[in-house]
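Q: Mind folding the following:
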Amino acid sequence: MESKELIYRLNRIQGQIEAIKKNIAKGETNCTQNIRLLKATTNALKKFGQAYVEQHLENCLLTENVDTKSLDKELKTILNSVFSM
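A: Got it, this is the predicted structure:
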C-alpha cells in the first residue's frame, strides 16, 4: 500500500471525527447517527493500523538487510504494539 493510500485513509478518519464533533457541537439528539459514525471511525482506524503495519513490515523490515536478532526484536515490538491496541 502506498503512502497516498494511507493518507487517504487518515483523511477519511479525520472527516468522520469532524462529523462527530459537529453533531455534538450542534447538540444533535440523533445518538444513533453518532454511534454509527463512531463505529465507522473505530473500524477505519483499525484497518489503517493493519495497513500501516503491513507496509512497515514490507518496506522497513523485509527489504533491508536486517540481521536475525534485529528482525526478531523488531517483530516482537510490532506484535506487542498491535495486540495492545
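
Q: list the helices and strands the least confident helix or strand in the chain by mean pLDDT packs on?
A: Here the helix or strand of the chain ranked lowest by mean pLDDT, DSSP states H and E is helix 68-83, holding a mean of 73. The helices and strands touching helix 68-83, judged by 3 or more C-beta pairs under 8 Å, 6 or more residues apart in numbering; DSSP states H and E, are helix 31-56. C-beta coordinates here come from the backbone N, C-alpha and C atoms, glycine included.

Q: If you count contacts, what does the helix it packs on end up packed against?
A: When contacts are defined as 3+ C-beta pairs under 8 Å, 6+ apart, helix 31-56 sits against helix 3-26, helix 68-83.

Q: could those helices be laid out in TSV, adding mean neighbour count?
A: Putting the helices and strands packed on helix 31-56 into TSV (neighbours: other C-beta atoms under 10 Å) gives the following:
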stretch	mean neighbour count
helix 3-26	13
helix 68-83	11
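
Q: Adding distance to residue 34, write those out as TSV.
A: Conversion of the helices and strands packed on helix 31-56 to TSV gives the following (distance: least, C-beta to C-beta, whole Å):
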stretch	distance to residue 34
helix 3-26	5
helix 68-83	28
